[in-house]
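Novice: sequence and computational prediction follow.
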Amino acid sequence: MQLLKEQILPLVEQAVSAFGATDLPVASMLQPARELDQGDLTLPCFPFAKAFKMSPVEIAETLAASIPEHASLSEVTAINGYLNFRVSPRWLASQLLNGAMETTHEVSDRSVLIEHTSANPNGPFHVGRARNAILGDTLVRLHRLWGHDVTAEYYVDDMGKQVAVLAWALEHLSQTDVETLLHDREASNPTWEGKADHQRVRWYQAAQKLRQDENEAPPIEKAIGELVHASENGDEGVLQAFEDAYQPVLDGMLETLGRLGIQFDRFTKESRFVTNGDVTALMDELGALEINGVADNGAQFIDLGARGLKGKTEFFYRRGDGSSLYATRDIAYHRWKWSMSNELINVLGEDHKLQAKQVGLTLEELGHQRPEVVFYSFIKLPEGKMSTRQGNVVFMDDLLEEAKAQAGKVVSELRPDYEQETIDQIAEAVGTSAVRFNIINVSPEKGFSFRWEDALSFESGSAPFIMYSHTRACSIHRRVSSLESSEGSDALDIPDVLPQGLVDLLRVLGRHNDCLRKVVHDHRPHLFAEQLLHLANGYNAFYRDCYIIDEGEVNQFFYQVSELARDVLRNGMIGLGIIPLESM
RNA sequence: GGGCGUGUAGCACAGCUGGAUAAUGCACCGGCCUCCUAAGCCGGAGAUCGCGGGUUCGAAUCCUGCCGCGCCCGCCA
């Protein structure tokens, strides 16, 4: 609890220096207590034992006796060698209600560019890709909540083999060809008949099937190879044909993402860096580097072994025919990004780790910084990995429909008096929020198996649990507003003894911005999801212990705490992409 | 073979810049709606923190060796 630490650190430092030791890192040793029933902050005294020639238990006791009383503290105790500090709930309440949470935000003029998702536009958005989008968008939202200026960017892969395959298929295969080729596959869901991503992916899949056929493949490979080659050389006609092929697919994907509340500020096409000459200039620069190397056929690489890369150290950036590679263009893209922003964050799948390292080292070689990268492990189905090519996927569109249907069922049971339109709205909000939360709730590096039952859980550890607490606060707000014609007393009267539920809520609120700070700096949004669960839980206990409206009378102190919690909940939910409904 | 990541109750998952009784949800057992939304609240039971060594006053956390799982090791994207 930074709020408390600022107050008592000088007291603790003074008490410790009274022992005669001056250069001890008291500031970093004074830490949040893990055992919350023991206090809010703790100072383990074990490291002092040697220097002071006393037992930790004695040190803690001596220190406890020498800490003066302070408005922010209700209790200082020594237990088993720990010096524990308990915050004064009254002090905490007055701090929080007087805007302490506003001022703990970081003041910064940094502009942050977060690139995420950037999925190849070759088919509908599936759950396997969802971790990138949800993680990335949550980072965007949380940085904004913290006060950063953020640009969310999608890098459009508009010139690779995947788009070439799509373009080729749309040009050369008829609907009948496609359906014949895919006769043994599941038919496409009629719900999405009008959605281009769902339609065109069939062409893509059919082409992939043809490419596996020994007899059919050679001429197709040749044609596709020529297309790729032309695109890499900046052939505008081919690039235009590619765009015509993928843009409707991309639009369909973005529609799906929009339903999850995910939006982008900018789309940057890969081909841009080829056609504007950046890639050529980059390759010339790389060629002049000391660690540049040339292969037998004229292909060029730089040797990153001397820069700490292990394993295969040659990093190829130019083919024998002089054309660029994906990674080369990625480096050009990053140089451009550095010209736009002073902090770069990329969200990438773990399969990109090596590539990201190569790109980062190369950027450093060119005198740039490397971007920060958030890696995540793939989402699998219980049956195995998802793949658009093999058709083994759960489409996000289907997941969201199912989530909405399940949520709708719950709402109709719980609120039989609601009208259908209201039920639909709530169900949509609950469904999409639950899906986001289910994915953001676990740390990115951890493997994740998608399970319907988890994604559609609407109970305690879920988004609806948080949403529900928020609606309770909203309900109170509505009632109080309707009761009060004029504002109540202005001088706030904080009672001497506060109910436990209230104290616990204040403590959760007191830690809230500590959590957000850590989450934004370390790129670990799942910890913020956990914080919001604690906050919702804290609000529920407060709600149980404190009757804000008792026999028609509004307890102003309770109400202000409720309003603060409502505001923090709301902003936190927006930060996670959970929709803050006012009733449900 | 090499590199990176991961392994915590029946299931899922937090904690990993070393610190107290390892947190939370699901499932399981029991209690709470004549009072602000019970999608809630309270209580109970459930864990040799993958296995073996080491460092330390103290190890889920750091080091090391095994084992399981995932990803990567293209002049593909």
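Specialist: That came through, no problem.

Novice: what residues does whatever residue of the stretch 101-250 of chain A ends up closest to RNA strand B make contact with?
Specialist: For the stretch 101-250 of chain A, the residue positioned closest to RNA strand B under C-beta to the nearest atom of the strand is A:Gly160, at a distance of 2.1 Å. In short, each C-beta sits where N, CA and C put it, glycine included. A:Gly160 makes contact with A:Asn120, A:Val228, A:Ser231, A:Glu270, A:Tyr326 under the criterion C-beta atoms under 8 Å, 6 or more residues apart in numbering.

Novice: state the distance from it to A:Val373.
Specialist: 21 Å (C-beta to C-beta, to the nearest Å).

Novice: give me every residue that touches A:Glu421.
Specialist: Contacts of A:Glu421 by C-beta under 8 Å, 6+ apart: none found.

Novice: which strand or helix spans it?
Specialist: helix A:420-440 (DSSP states H and E).

Novice: so that helix, near RNA strand B or not?
Specialist: Yes. Using C-beta under 7 Å from any atom of the strand, we find that helix A:420-440 touches RNA strand B at A:Ile426, A:Val430.

Novice: which element follows that helix toward the C-terminus?
Specialist: Following helix A:420-440 toward the C-terminus (DSSP H and E): strand A:448-449.

Novice: could you point out which element follows that next one?
Specialist: Next along from strand A:448-449, by DSSP H and E: helix A:452-455.

Novice: if you count neighbours, what's buried in that following helix?
Specialist: Neighbour counts over helix A:452-455 (16 or more other C-beta atoms under 10 Å) mark A:Asp454, A:Ala455 as buried.

Novice: go on, stretch A:414-428?
Specialist: For stretch A:414-428, using 16+ other C-beta under 10 Å, the buried residues are A:Tyr418, A:Ile423, A:Gln425, A:Ile426, A:Ala427, A:Glu428.

Novice: so can I have a markdown table of those showing pLDDT?
Specialist: A markdown table is the format used below for the buried residues of stretch A:414-428 (pLDDT from 0 to 100):
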| residue | pLDDT |
| --- | --- |
| A:Tyr418 | 95 |
| A:Ile423 | 96 |
| A:Gln425 | 97 |
| A:Ile426 | 97 |
| A:Ala427 | 97 |
| A:Glu428 | 97 |
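
Novice: just for the stretch 401-550 of chain A, where's the confidence low?
Specialist: Where the stretch 401-550 of chain A drops to pLDDT under 70, the residues are A:485-491.

Novice: now do the helices in it.
Specialist: Ranges of helices in the stretch 401-550 of chain A, per DSSP state H, counting those that start in this stretch, are A:420-440, A:452-455, A:463-483, A:500-522, A:525-545.

Novice: cool, the stretch 101-250 of chain A as well?
Specialist: A:127-146, A:161-172, A:175-181, A:196-211, A:217-232, A:236-259.

Novice: okay, those in JSON lines with distance to A:Val57 and mean pLDDT next?
Specialist: As requested, the helices of the stretch 101-250 of chain A are arranged in JSON lines below (distance: least, C-beta to C-beta, whole Å; pLDDT from 0 to 100):
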{"stretch": "helix A:127-146", "distance to A:Val57": "41", "mean pLDDT": "95"}
{"stretch": "helix A:161-172", "distance to A:Val57": "66", "mean pLDDT": "94"}
{"stretch": "helix A:175-181", "distance to A:Val57": "77", "mean pLDDT": "94"}
{"stretch": "helix A:196-211", "distance to A:Val57": "66", "mean pLDDT": "93"}
{"stretch": "helix A:217-232", "distance to A:Val57": "71", "mean pLDDT": "90"}
{"stretch": "helix A:236-259", "distance to A:Val57": "57", "mean pLDDT": "96"}
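
Novice: how about those helices, which one is nearest A:Phe301?
Specialist: Closest to A:Phe301 of the helices of the stretch 101-250 of chain A, according to C-beta to C-beta: helix A:217-232, at 17.4 Å.

Novice: which other helices and strands contact the closest one?
Specialist: Other elements packing on helix A:217-232 under the criterion 3 or more C-beta pairs under 8 Å, 6 or more residues apart in numbering; DSSP states H and E are helix A:161-172, helix A:196-211, helix A:236-259.

Novice: I'd like the ones you listed laid out as TSV, including mean neighbour count.
Specialist: Shown next, in TSV, are the helices and strands packed on helix A:217-232 (neighbours: other C-beta atoms under 10 Å):
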stretch	mean neighbour count
helix A:161-172	21
helix A:196-211	22
helix A:236-259	19
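
Novice: next, format these as TSV and append distance to A:Ala100.
Specialist: Conversion of those to TSV gives the following (distance: least, C-beta to C-beta, whole Å):
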stretch	distance to A:Ala100
helix A:161-172	51
helix A:196-211	47
helix A:236-259	36
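
Novice: ok so, going back, can you lay out the helices of the stretch 401-550 of chain A as a markdown table showing distance to A:Leu166?
Specialist: Output for these, formatted as a markdown table (distance: least, C-beta to C-beta, whole Å):
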| stretch | distance to A:Leu166 |
| --- | --- |
| helix A:420-440 | 27 |
| helix A:452-455 | 29 |
| helix A:463-483 | 35 |
| helix A:500-522 | 38 |
| helix A:525-545 | 33 |
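
Novice: right, so of the ones you listed, which gets closest to A:Gly194?
Specialist: Per C-beta to C-beta, nearest to A:Gly194 of the helices of the stretch 401-550 of chain A: helix A:420-440, 19.0 Å.

Novice: from A:Asp158, how far off is the nearest residue to A:Leu227 once chain neighbours are set aside?
Specialist: Distances taken as C-beta to C-beta, 6 or more residues apart in numbering put A:Ala164 closest to A:Leu227, at 4.3 Å, once the chain neighbours are dropped. A:Ala164 sits 10 Å away from A:Asp158, taking C-beta to C-beta as the criterion.

Novice: can you give me the buried ones in stretch A:563-576?
Specialist: Buried, per 16+ other C-beta under 10 Å, within stretch A:563-576: A:Glu563, A:Leu564, A:Ala565, A:Arg566, A:Val568, A:Leu569, A:Arg570, A:Gly572, A:Met573, A:Ile574, A:Gly575, A:Leu576.

Novice: out of those residues, the closest to A:Arg141 would be?
Specialist: A:Gly575 (4.8 Å).

Novice: okay, and that closest one sits in which element?
Specialist: helix A:556-576.

Novice: which strands and helices sit next to that helix?
Specialist: Helix A:556-576 sits against helix A:89-97, helix A:127-146, helix A:420-440, helix A:463-483, helix A:500-522, helix A:525-545, with contacts defined as 3+ C-beta pairs under 8 Å, 6+ apart.
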